[in-house]
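J.: give me coordinates for this.
(one chain, ligands or ions: 1)
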Amino acid sequence: MARDKKIIIGNWKMNLNVHESSLYLHKLSNLVKAHRDIEVVLAPSMLALQSLSLQVNLRQFKLAAQNFYWRDHGHFTGEVSASQLRGVIQYAIVGHSERRHVFYETDKDIRNKVAAAIRNDIRPILCIGETAWERSAGETVDVLRDQLIGGLSNITSDELKHVIIAYEPVWAIGMGQNAMPSDVDKAQKAIRRQIEHLYGTKASESLSILYGGSVTADSAGGYLAIEGIDGLLMGAASLDAYAFSGIVEKAHKGSDVAIK
Ligand code: PGA
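T.: Below you'll find the predicted structure:
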């Protein structure tokens with residue numbers, strides 16, 4: 001997918017059981033209009049993915065896993081692989097800061113997951129971002145570079161076309177603390193510079209970059225107005241059906257007729 005679509009992702013994290021997820025999908029279906037210039041992606045819990053995949057209208061919503069294991073099968077008790085998720089989801093979040101910091105995922109895990117997703121026809125949404133400490137030490141650009149290299153080192157330029165990058169400063173996630181659009185703009189430019197260095201100008205220009213971190217209905221427009229930002233990855237706001245559908249409408253700039 002080129003950058004002609006805004007991508008709006010709702011990460012429900014560890015919220016909503018299977019029944020609640022179905023009810024919530026139903027509610028969202030009535031509120032969120034499908035537009036040709038927007039891709040709306042829902043990331044429910046692993047447990048709810050299968051049942052939602054049978055209920056969802058794929059023209060209206062795509063589904064994403066919040067996590068998966070990178071090997072395709074084998075002796076890995078408790079894990080679910082991208083090959084098992086193939087056909088159920090279209091996207092997968094990889095390297096979310098909660099995976100990096102709460103579950104100690106390493107760059108090696110993350111690059112293996114990016115590759116596993118692509119191998120299984122799933123588009124990885126690679127999350128990168130600096131901590132508050134790294135930010136105050138002026139290391140944001142270095143952290144973004146290291147996480148891009150760490151996450152993409154198995155990926156060819158052809159495969160990169162399937163990758164989406166989400167800039168998610170750790171200090172902004174779930175904190176109610178917004179990044180300034182000017183900081184997000186600087187970060188997306190740094191990401192594009194690094195991708196240009198690794199893969200060339202064309203790859204850098206066609207890469208979709210999202211912002212995530214305490215986005216609300218009020219702040220969404222400011223990020224969406226940034227030229228190099230192609231959408232949003234939201235946690236808390238995605239659990240509020242009215243806020244979420246309002247943000248989808250904000251992202252809809254084109255003149256197409258709703259396709260629902
Ligand atoms: P938040 O979560 O919107 O609740 O800050 C964002 C995320 O974790 O991707």
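J.: near R3, how many residues? Count them for me, please.
T.: 14 (other C-beta atoms under 10 Å). Every residue, glycine included, has its C-beta placed from N, CA and C.
J.: pretty sure it sits in a strand.
T.: No. R3 is assigned coil when assessed by DSSP: H, G, I helix; E, B strand; the rest coil, not a strand.
J.: what are the phi and psi values for the residue in the stretch 151-260 of the chain that the ligand sits nearest to?
T.: The ligand sits closest to G235 of the stretch 151-260 of the chain, with a gap of 2.4 Å, by C-beta to the nearest ligand atom. Main-chain torsions, G235, degrees, to the nearest 10: phi -100, psi -90.
J.: per-residue confidence at it?
T.: The model reports G235 with a pLDDT of 97.
J.: what sits against it?
T.: N11, W12, K13, I173, G174, G212 (C-beta atoms under 8 Å, 6 or more residues apart in numbering).
J.: which of those fall within strands?
T.: Among the contacts of G235, the residues falling in strands (DSSP state E) are N11, G212.
J.: I'd like the contacts of G235 as a markdown table, with distance to G222 and neighbour count appended.
T.: What follows is these, written out as a markdown table (distance: C-beta to C-beta, whole Å; neighbours: other C-beta atoms under 10 Å):
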| residue | distance to G222 | neighbour count |
| --- | --- | --- |
| N11 | 20 | 27 |
| W12 | 24 | 21 |
| K13 | 23 | 17 |
| I173 | 17 | 21 |
| G174 | 19 | 13 |
| G212 | 14 | 27 |
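J.: minimum pLDDT in the contacts of G235, which residue is that?
T.: G174 (87).
J.: up against the ligand, what does the stretch 1-150 of the chain have?
T.: Residues of the stretch 1-150 of the chain lying close to the ligand by C-beta under 6 Å from any ligand atom are N11.
J.: ok, residues contacting stretch 191-199?
T.: 128, 144-145, 148-149, 152, 157, 160, 165, 167, 203-205, 207, 209, 228.
J.: and for K108, nearest residue in space, chain neighbours not counted?
T.: G150 (7.8 Å; C-beta to C-beta, 6 or more residues apart in numbering).
J.: state the helix or strand in which that neighbour lies.
T.: Using DSSP states H and E, G150 sits in helix 140-152.
J.: excluding sequence neighbours, find me the nearest residue to D185.
T.: Using C-beta to C-beta, 6+ apart, the closest residue to D185 is I226 (5.0 Å).
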